[in-house]
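Visitor: Quick check, what structure comes out for this input:
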Amino acid sequence: MMAAINHFIVPVIIGGIFLYGIYRGVNTFDAFLAGAKEGLSTVVSITPALICLLTAVAMFKASGALDVLSWGLGPLAEGLGLPREVIPLALLRPISGSGASAYTLSLLERFGPDSPTGQIASVLASSTETTFYAVTVYFGACQCKKLRYTVPAALLGDITAVVLSVLTVDWFGSVS
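Guide: Residues are numbered from 1 along each chain as shown. Next comes the predicted model:
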């Protein structure tokens with residue numbers, strides 16, 4: 001039953017939107033074309049920034065800078081209770097969602113999902129945002145160049161998520 005609903009839910013929603021537009025007297029085809037045109041122009045305008053971001057991420061990982069930075073932050077992380085193995089995830093997550101997902105999967109395969117490392121990695125991966133990707137896409141779409149408070153505030157949120165991931169796993173681990 002649920003599989004049948006899954007196959008039809010998107011077409012039903014789209015059809016419902018078109019029917020509602022017709023009911024309200026909107027020329028839905030013209031509105032759809034205008035939206036598609038705007039979407040394509042947005043894609044074209046943010047593509048250079050995305051290419052730059054993806055290139056920077058690849059260079060960061062390939063150069064070994066991620067490993068060096070992880071090693072340097074090891075003592076601080078251990079003081080916070082963050083396993084050294086999770087440091088690359090904490091550094092990678094604000095930059096690359098797919099890279100962070102792959103690294104999370106490797107941690108879960110290596111340590112297991114029920115280990116403290118696996119639990120912290122899971123909470124961290126699900127409670128943080130790909131900060132630089134989001135800033136690139138959203139600010140690029142609106143042609144905004146002033147990021148004075150956005151990036152520091154977003155990175156502070158990511159740091160908070162790292163600390164709270166450790167505390168949450170520790171707290172819920174001691175509860176059960």
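
Visitor: so where does Ala31 fall, helix or strand?
Guide: If you go by DSSP states H and E, Ala31 is part of helix 28-62.

Visitor: got the buried residues for that helix?
Guide: Ile46, Ala49, Leu53, Val57, Phe60, Lys61 (16 or more other C-beta atoms under 10 Å). C-betas here are computed from N, CA, C, even on glycine.

Visitor: State the distance from the spatially most central residue of the chain to Leu80.
Guide: The centre of the chain sits closest to Thr130, judged by C-alpha atoms, centre = their mean, with a distance of 3.5 Å. Per C-beta to C-beta, to the nearest Å, Thr130 is found 22 Å from Leu80.

Visitor: Tell me where this structure has strands.
Guide: With DSSP state E as the criterion, the chain has no strands.

Visitor: Low-confidence bits of it, can you list those?
Guide: For the chain, the stretches flagged by pLDDT under 70 are 1, 174-176.

Visitor: from what I can see Leu69 touches Leu91, true?
Guide: Yes: using C-beta atoms under 8 Å, Leu69 is in contact with Leu91, at 6.0 Å.

Visitor: Could you report the separation of the most far-flung residue of the chain relative to its centre from Ala58?
Guide: Relative to the centre of the chain, the most outlying C-alpha is that of Gly25, 38.7 Å out, by C-alpha atoms, centre = their mean. For Gly25, the distance to Ala58 equals 50 Å [C-beta to C-beta].

Visitor: Report how many residues lie close to Thr131.
Guide: For Thr131, the neighbour count with other C-beta atoms under 10 Å is 18.

Visitor: Going along the chain, name the helices of this protein.
Guide: Ranges of helices in the chain, per DSSP state H, are 2-23, 28-62, 65-80, 87-92, 97-111, 116-127, 131-141, 150-175.

Visitor: ok, and which of those helices has the densest surroundings?
Guide: By mean neighbour count, with neighbours taken as mean count of other C-beta atoms under 10 Å, helix 87-92 ranks first of those at a mean of 23.

Visitor: For that one, what is the distance to the chain centroid?
Guide: Computed by C-alpha atoms, centre = their mean, to the nearest Å, the chain-centroid distance of helix 87-92 equals 13 Å.

Visitor: For that helix, C-alpha coordinates in PDB please.
Guide: Taking C-alpha atoms only, helix 87-92 is exported to PDB below (Å, rounded to 0.1, in the frame of the first residue of the first chain):
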ATOM      1  CA  ILE A  87      37.900  15.300  13.500                       C
ATOM      2  CA  PRO A  88      38.000  15.000   9.700                       C
ATOM      3  CA  LEU A  89      34.200  14.700   9.700                       C
ATOM      4  CA  ALA A  90      33.900  17.900  11.800                       C
ATOM      5  CA  LEU A  91      36.200  19.700   9.400                       C
ATOM      6  CA  LEU A  92      34.700  18.300   6.200                       C
END
